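**Student:** My questions are about this predicted structure, shown below with the sequence.
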Amino acid sequence: MSQPTHITLLDAADVQVRFNDNEVLKGASLTVRDGDHLGMVGRNGCGKSTFLKILAEETQPDAGEVTRRTGLVTGYLPQDMDVPADATVMDTIRSGADRAMKLLEEYESLAADSNRQTELEQQITAADAWNIDTRIKTAMTHLNAPEPERLMGTLSGGEKRRVALCRAIISNPDLLILDEPTNHLDTDSIEWMAEYLKKFHGAFLVTTHDRYFLDEICNHIVELQAGRFFLHKGNYSDYLESNLARMENEQALELKRKRFLRRELDWIRRGPKARTTKAKFRVDKFHGIKNTQGPDKELEMELIIPPPGQLANRVVDLINVNLELGGQKLIDRFDFNFEAGMRIGICGRNGLGKTSLLRIVLGQLKPTGGSRKVGVLTQFNYVDQERIQLDPEKTLLEEVAEGSDMIDFGNGRLAIRAYLQRFGFNPKRINMKVKSLSGGEKSRLLLARILKHGGNFLILDEPTNDLDLPTLRLLEEALLAFSGCVLVVSHDRYFLNRVCTGIIAFEGNRQVVYNEGDYEYYREKLAERRSRLAKREAPAKVRPSKPDTPKARKLTWKEKNELEGMEAAILEAEEEVMRIEAVFADPEFHAKHGGKTSELTVEMEQAKKKAAELYARWEELEEIRQGAGQ
């Protein structure tokens, strides 16, 4: 990674944004410098996505100014991507490198004696445009993007997000703006993305609920609270420490302010006669402090899941389950017995069958082989944010109430309004329309709507997507206190470590493995299994014992002919290596062969490998010949 130059890339000053009566940004200011690795945190609806859209020039603030460095190249991942349904995946991804593609097109169209050739070569090299095809292939592979020829209109929400992420990063920008990049990524892709960002040459600003991700990639955390930014040096763990210190300091100042007001109020109330004996500045000071606003208080949240009914001894049993979809076998002879109190996490790469296993447990999908048995008292509640839609024209109250002002809550009843407050919705906003909510607030509303139905077996498919960190922590606490059974698919490592008592892992090649403990414990056991397997498969290093009466083997007729032609074969292989090396050494390599760098690199490796194998074979045959005295 290149060293930061501390050059200012972007400066946002006194940005203000208001939605109806809700002012989300109140003079927010932020400077982004080259080398800044910034993570942005804040409650859902506080304006994070709005601010990112402003920086990406997708929208304009009501007031304030954003100044950008001349020629600044920006890559942007929005929460929702709007592209033509008939566009292919490859065309959509390549559109992110539009600037680089135009440079290459102009370069290829230049006349041989053009004065612009040197300048264009420098710009293309700076943008790493010579290697654009290699970068696209790498991003698509590691981010598990759909096939290049598929149309965008046929993709799921998760597939569109992965395409959008590829598009954002392949432009080789100076500044990356990423809104929830880990959503819909599997663990391997998240780890690759973390390594990519740690080595990123420019600056980035990212919002995410993945706490491990923030810990790994950030050198500063930007907190958006009450419409303004607070900058914390370090990663997410450092932010938690400094934020706690800041809040304690604010509370101490507020306590001091209240004590002063109590003392002065007592004096003010003594009447005009008493006030004449005091200095006028004391009265002015009282009114000044009285009118000073204290620190903003966050709305208290509880997020209590309705208490579950009792479970029988049998909850759900999976017996020798097999699953084949589209001619591909995903699960091979999997047995598992769910029990009360279990909180099981499911992890693995996308496309291996995780959601299909949830549907088998629910009875929505019949396994190809094996059986499923359900206890008589088991009541499912399935949280699937992909399939359940909110009506943007309904109010929050209407969406959750569904015609009733009360919900069953354990042995009693609870008012819908009180229930929504437990999910962090201010009473003043309960009658506002869903379309005015942020993406994260909609996710929280979905949780409230689904969880109100109760159930003693909760099944959650990626519940952490788009939730803010405070809500996520409360969801974790609620699941820890839940006495029923929980089955959850998630790629959030922190969430799996915090919540789970066991992990069902899809490891590929039809292997579905159960491991007691949290996600980190599973990873430890996986590493141990792989180490033992590698040792078993490694060839044993056994020294050949020398017989008492050694008998030298002679070359066969076929081996003699092979040895005779070996020198010519080695010479031909070395000439091929030298030919490719000469291509790379050509001063006009990028102009002539820039688009074939990846292919030539593969040819070079194959040529060197062939030459090495021929040398090894020649030494082997020559040793046999000399030993036999042939």
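**Tutor:** Yep, that arrived.
**Student:** Which secondary structure state is assigned to residue 205?
**Tutor:** Under DSSP: H, G, I helix; E, B strand; the rest coil, residue 205 falls in the strand class.
**Student:** Just the pLDDT for the most centrally placed residue in the chain.
**Tutor:** Centroid check for the chain by Cα atoms, centre = their mean gives residue 182 as the closest residue, at 1.2 Å. For residue 182, the model assigns a pLDDT of 91.
**Student:** same question, residue 630
**Tutor:** pLDDT, residue 630: 60.
**Student:** Also residue 206?
**Tutor:** 96.
**Student:** hey, what's it bridged with?
**Tutor:** Residue 206 has these beta-bridge partners by DSSP bridges: residue 39, residue 178.
**Student:** before we move on, back to that, can you pull the contacts of the residue nearest to the centre of the chain?
**Tutor:** Applying Cβ atoms under 8 Å, 6 or more residues apart in numbering to residue 182 gives the contacts 190, 193, 208, 209, 210, 213, 491, 492. Where you see a C-beta, it was placed from the backbone N, CA and C, and this is true even at glycine.
**Student:** Kindly indicate the member of these with the most neighbours.
**Tutor:** Highest neighbour count within those, by other Cβ atoms under 10 Å: residue 492, with 30 neighbours.
**Student:** who's in contact with that residue?
**Tutor:** Shown in contact with residue 492 (Cβ under 8 Å, 6+ apart): 182, 209, 210, 464.
**Student:** rerun that using 10 Å as the cut-off
**Tutor:** 182-183, 187, 190, 208-213, 345, 347, 462-465, 467, 472, 476, 498-499, 519 (Cβ atoms under 10 Å, 6 or more residues apart in numbering).
**Student:** next one: phi and psi at it?
**Tutor:** phi -80, psi 100 (degrees, to the nearest 10).
**Student:** Got the confidence number for it?
**Tutor:** Predicted confidence (pLDDT) for residue 492: 90.
**Student:** Can you tell me how far it is from residue 462?
**Tutor:** 9 Å (Cβ to Cβ, to the nearest Å).
**Student:** try residue 509
**Tutor:** On the measure of Cβ to Cβ, residue 509 and residue 462 end up 24 Å apart.
**Student:** more neighbours, those two?
**Tutor:** Ranked by neighbour count (other Cβ under 10 Å), residue 509 and residue 462 place residue 462 first, with 20 against 8.
**Student:** ok, that one touching residue 161?
**Tutor:** No: Residue 462 is beyond contact range of residue 161, at 11.4 Å (criterion: Cβ atoms under 10 Å).
**Student:** any common contacting residues for the two?
**Tutor:** Residues touching both residue 462 and residue 161 by Cβ under 10 Å, 6+ apart: 183, 184.
**Student:** contacting residues for the residue nearest to the residue nearest to the centre of the chain when sequence neighbours are not counted?
**Tutor:** Once flanking residues are discounted, residue 182 sits nearest to residue 210: 4.5 Å by Cβ to Cβ, 6 or more residues apart in numbering. Contact partners of residue 210, counting by Cβ under 10 Å, 6+ apart, are 39, 180-183, 185, 190, 193-194, 216-217, 236, 464, 469, 472, 491-495.
**Student:** Among these, which are located in helices?
**Tutor:** Residues of those located in helices (DSSP state H): 190, 193, 194, 216, 217, 236, 469, 472, 493, 494, 495.
**Student:** Using CSV, lay out these together with distance to residue 454.
**Tutor:** Shown next, in CSV, are these (distance: Cβ to Cβ, whole Å):
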residue, distance to residue 454
190, 33
193, 37
194, 38
216, 38
217, 39
236, 34
469, 26
472, 22
493, 29
494, 27
495, 22
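**Student:** Between the residues you listed, which sits nearest residue 15?
**Tutor:** Distance to residue 15, by Cβ to Cβ, is smallest for residue 469 among the ones in helices among the contacts of residue 210, at 22.4 Å.
**Student:** shaky segments in the chain?
**Tutor:** Residue ranges of the chain with pLDDT under 70: 1-5, 260-261, 264-302, 385-388, 537-553, 557, 587, 589-591, 594, 628-630.
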